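>>> everything below, folded, please.
(one chain, ligands or ions: 1)
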Amino acid sequence: MKVMVGVSGGIAAYKAVELVRALQRHALDVRVTMTRAATRFVQPLTFSALTGHRVMTSLWEASADASSDAPIDHIAEAQWADLLVVAPATADILARFAHGLADDFLTTMYLATPAPVLVAPAMNSVMWEHAATQANVETLRQRGVRVVEPDAGQLACGMVGPGRMAEPEQIASAVLGALGRSHDLAGEVILITAAGTREALDPVRFLGNRSSGKMGYALAEAAQSRGARVILVSGPSSLHPPIHCETVRVTTAEEMRQAVLARQAEATIVIKSAAVADYRPVAVAAQKMRRSGPLTLELQPTEDILAEVARRRAPGQLIVGFAAETEDTVQQGRAKLLRKGADAIVVNDVGREDIGFDSDDNAATFLTMSTAIDLPRMSKRKLGDRILDEIVALRRPQSLLVEMSSAEMESLREQPAPPRKAILIE
Ligand code: CTP
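Next comes the predicted model:
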């Protein structure tokens, strides 16, 4: 979704930089317009570097599209935005909005946009409490403008009282609320693994699998847009991680294990959607292997990262696995849930041709020891949200499986698998 941030000329303009970052962390596409006075406090360059778009400061500048000489079309920009948020909103900009003046880009855009408008006032307490300002705010409220009330506290002018702009995270929450986006994962740190791993056979070949990473990346985007901080540990994938999502790239199962264990302590929730190799070659050939008839490879099991993460969990940390099954999906999934000691497992029927690997859609069953929730076919992005809904529901204190997951599951932990031989015929 697209948000226009309007910055007017007050000392709190520097906090608009943090607001832009906060909105971007929630996967919003952000552009900025500044009043001329605002450019005295913060350089437009700061915002253009952050957003990748030219910052609009005048009705008479060239277009934001660098390839065009046409003046910026304020009507098009006004139509572009799903929401306009003005932070800081000075007494002057509130007065100009209230009176319908349209003498610069921001005021013109305010009149031209059909999108919801939010203002975060910031000014000296006497100016805030002045009857003129209060009347203007009231007028704006009556016209549907949402006001993120200023805080009381020490002001830049040295006075103490109401007028300090609300914190950027608070304004970002109000923006998400106005956009109808839930912010229920704020404060959570979610470690998500995605895509498949690769185990080298020689310098040019590897054992891999068909996982594209789409499900894990969709989960990362959904979690981030609901306010979580996401750490994405990804195997090789052609996908772009969501902007501002901290991404750790790995190749092998062992690298994924090391990356996950190194970051586990930070996480409140771990979601293991990666398709991790179960076996790796016992030896990796230093030179490219030559063709010489049938070939027998000796493989050894990799560590089960999910089971290890579940063993090392901190109190309250939720562990959610994935299971790819081709038959008896619920039964197999529940057995895996017990074996690995996770709180829940998302079971995919990978035998279905219409969904799964590389598809944009998926269907799954969200399994705990006491429930099996059917999540019918939908886009992976939507499914990401549904899975997160179910994970959030696990936080309810009466959840049975949180109780199950410690002592009882301890005894059911998976035994290491024996070495297995495989034949690779080129
Ligand atoms: N997993 C893991 N480490 C491994 C193998 C799997 O962490 N070495 C995790 C996956 O990320 C997933 C879950 O375990 O969350 C189940 O993966 P799956 O491949 O379905 O299960 P396996 O343990 O491989 O069991 P099996 O091959 O017997 O079905």
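>>> just confirm residue 321 contacts residue 276, I think it does.
No - counting by C-beta atoms under 8 Å, residue 276 is not a contact partner of residue 321; they are 10.4 Å apart. Backbone N, C-alpha and C define where each C-beta goes, glycine included.
>>> count of neighbours near the residue in the stretch 51-200 of the chain that the ligand sits nearest to?
Scanning the stretch 51-200 of the chain for proximity to the ligand using C-beta to the nearest ligand atom identifies residue 193 as nearest, at 6.0 Å. Neighbours of residue 193 under the rule other C-beta atoms under 10 Å: 31.
>>> and it, what are its phi and psi?
phi -100, psi 150 (degrees, to the nearest 10).
>>> confidence score at it?
At residue 193, the model reports a pLDDT of 98.
>>> contacting residues for the closest residue to it other than its chain neighbours?
Counting by C-beta to C-beta, 6 or more residues apart in numbering, residue 193 lies nearest to residue 274, which is 3.7 Å off, once chain neighbours are set aside. The contact partners of residue 274, taken as C-beta atoms under 8 Å, 6 or more residues apart in numbering, are 193, 194, 195, 196, 197, 211, 216, 233, 234, 235, 256, 322.
>>> write out the residues of this protein neighbouring the ligand.
Residues of the chain lying near the ligand by C-beta under 6 Å from any ligand atom: 253, 272, 274, 276, 278, 302, 304-306, 321-324, 336.
>>> Throw those residues into TSV and include distance to residue 186, pLDDT and secondary structure, thanks.
Formatted as TSV, the residues of the chain next to the ligand follow (distance: C-beta to C-beta, whole Å; pLDDT from 0 to 100; DSSP: H, G, I helix; E, B strand; the rest coil):
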residue	distance to residue 186	pLDDT	secondary structure
253	33	98	helix
272	23	98	strand
274	25	97	coil
276	30	97	coil
278	36	96	coil
302	35	97	coil
304	32	97	coil
305	27	98	helix
306	26	98	helix
321	25	97	strand
322	25	96	strand
323	29	93	strand
324	31	85	strand
336	31	93	helix
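>>> give the buried residues for the helix or strand harbouring residue 255.
Assigned by DSSP states H and E, residue 255 belongs to helix 253-263. Neighbour counts over helix 253-263 (16 or more other C-beta atoms under 10 Å) mark 253, 254, 255, 256, 257, 259, 260, 263 as buried.
>>> now, which of those residues sits nearest the ligand?
So of the buried residues of helix 253-263, ranked by how close each gets to the ligand (C-beta to the nearest ligand atom), first place is residue 253, at 5.3 Å.
>>> what kind of secondary structure is residue 299 in?
strand (DSSP: H, G, I helix; E, B strand; the rest coil).
>>> bridged to it, which residues?
residue 281, residue 420 (DSSP bridges).
>>> just residue 5 next, same as before
With DSSP bridges as the rule, residue 5 is bridged to residue 32, residue 85.
>>> could I get the contacting residues of it?
The contact partners of residue 5, taken as C-beta under 8 Å, 6+ apart, are 16, 19, 20, 23, 30, 31, 32, 33, 47, 85, 86, 87.
>>> re the thing from before, is the residue of the stretch 51-200 of the chain closest to the ligand bridged to anything, and to what?
residue 233, residue 272.
>>> got the residue ranges for the strands in the stretch 51-200 of the chain?
83-89, 117-121, 146-147, 151-154, 160-164, 189-194, 199-200 (DSSP state E, counting those that start in this stretch).
>>> worst average pLDDT in the ones you listed?
For the strands of the stretch 51-200 of the chain, where the average pLDDT is lowest is strand 151-154, sitting at a mean of 82.
>>> work out the gap between that strand and the centre of the chain.
From the chain centre to the centre of strand 151-154 is a distance of 31 Å (C-alpha atoms, centre = their mean, to the nearest Å).
>>> for that strand, list the C-alpha coordinates in PDB.
Output in PDB follows, covering the C-alpha atoms of strand 151-154 (Å, rounded to 0.1, in the frame of the first residue of the first chain):
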ATOM      1  CA  ASP A 151       2.300  14.100  23.800                       C
ATOM      2  CA  ALA A 152       3.000  16.300  26.800                       C
ATOM      3  CA  GLY A 153       6.600  16.700  27.700                       C
ATOM      4  CA  GLN A 154       9.700  18.800  27.300                       C
END
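>>> tell me the buried residues in it?
In strand 151-154, counting by 16+ other C-beta under 10 Å, buried: nothing.
>>> same for it, what does it pack against?
Strand 151-154 sits against strand 160-164, with contacts defined as 3 or more C-beta pairs under 8 Å, 6 or more residues apart in numbering; DSSP states H and E.
>>> ok, the strand it packs on: who's next to it in the sheet?
Assessed with DSSP bridges, strand 160-164 is paired to strand 151-154 (antiparallel).
>>> for the helix ranked longest in the chain, packing partners?
Counting by DSSP state H, the longest helix found in the chain is helix 380-394. Applying 3+ C-beta pairs under 8 Å, 6+ apart, we find helix 380-394 packed against helix 214-225, strand 269-272, strand 318-325, strand 344-349, strand 361-367, strand 372-379.
>>> next, the angle from it to strand 189-194.
Going by axes from the mean of the first three to the mean of the last three C-alpha atoms, to 10 degrees, helix 380-394 is angled at 140 degrees with respect to strand 189-194.
>>> pull the residues that contact helix 380-394.
Counting by C-beta under 8 Å, 6+ apart, 184-185, 214-215, 218-223, 226, 269, 271, 318, 320, 343-344, 346, 359-364, 366, 368, 373, 375, 378, 399, 401-402 sit against helix 380-394.
>>> restricted to buried residues, select these in PyMOL.
Entered in PyMOL, the line below selects the buried ones among these, by 16+ other C-beta under 10 Å:
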select buried, resi 185+214+215+218+219+220+221+222+223+226+269+271+318+320+343+344+346+359+362+363+364+366+368+373+375+378+399+401+402
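>>> who does residue 345 bridge with?
residue 321, residue 367.
>>> surely it meets residue 337?
Yes - applying C-beta under 8 Å, one finds residue 345 in contact with residue 337, separated by 4.4 Å.
>>> if I look at the two, which residues touch both of them?
Joint contacts of residue 345 and residue 337 (C-beta under 8 Å, 6+ apart) are 321, 323, 367.
>>> please consider this matter closed, and thank you.
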